[in-house]
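Peer 1: here is a sequence together with a model predicted from it:
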Amino acid sequence: MVGTAPVVSMVPLPRRPFDSSAGIRHWYENDLGWATVPGSPVRLVTGLRFDVLDVPAEAGVAALGRLGPGSPVAVRGDRMRLLVAAGSAEELPGLLDWLEWGALALDLVALGADGHMEAPIPPERTSTGVRPFSPGGSGVPAVPAVLQGAAVWLRPPEPGCEVEASVPTLSALGGGVGAPDLVRLVDTVATHCHRVRLRRLCAQPLAFS
């Protein structure tokens, strides 16, 4: 009896979905030396190298002038994330009270020790290094449609540069001459967060009994 040849399946094996998180994680951990949280999507640990102020994009755009040129800033949707010195989240409530903003409900979230933020997509690589996405008319980057909803860098961190030297800090905590000032940054952000809140309240329809 003549044996039959084994049937070779012509159906290709299913491909594993492409996972870009490995490259993103490598960029943050190896190029920048920033800690990440295990799992997917990639998240950055706050409270070690930096804290984060999460504010409405309008308030963030108004505060860009209070930041040094190398101070990293990320955007996700209508929110802007300003990197500030580690420990700033703990100082924020007292600072807001001192600036007489503590009694108001502000759309201002601070991420510090034991916190994390979504890792923005690493910036585009060019022959001269990296560049952020081009900003739109409002100062918020024009993000390609495929990345809509993802966090991206408006001002990306630079590999080889210490983030501690570029983020706003309290002068009493070691900020040198010309260092970004956390007090002025928080006052500016709080002012514009309040304006955004008032505008939203005015836009609400009146309730008649």
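Peer 2: Nice, thanks for sending it over.
Peer 1: quick check: which element contains L104?
Peer 2: Following DSSP states H and E, there is no helix or strand that holds L104.
Peer 1: how close does the closest residue to it other than its chain neighbours sit to A22?
Peer 2: Residue nearest to L104 in three dimensions, not counting chain neighbours: H194, with 6.2 Å by CB to CB, 6 or more residues apart in numbering. All C-beta spots, glycine's among them, are computed from the backbone N, C-alpha and C. Distance of H194 to A22, computed by CB to CB, to the nearest Å: 42 Å.
Peer 1: the two: who's more crowded?
Peer 2: Between H194 and A22, counting by other CB atoms under 10 Å, H194 is the more crowded of the two (17 against 11).
Peer 1: where's that one relative to L96, distance?
Peer 2: Using CB to CB, we find H194 at a distance of 11 Å from L96.
Peer 1: do A74 as well
Peer 2: Separation of A74 from L96 (CB to CB): 22 Å.
Peer 1: ok, now D187?
Peer 2: For D187 relative to L96 (CB to CB), the value is 9 Å.
Peer 1: just to revisit the earlier point, more neighbours, A74 and L96?
Peer 2: The residue with more neighbours, out of A74 and L96, is A74; 27 against 19, by other CB under 10 Å.
Peer 1: quick one: average pLDDT of the strand or helix carrying that one?
Peer 2: Assigned by DSSP H and E, A74 falls within strand 73-76. In this model, strand 73-76 has a mean pLDDT of 94.
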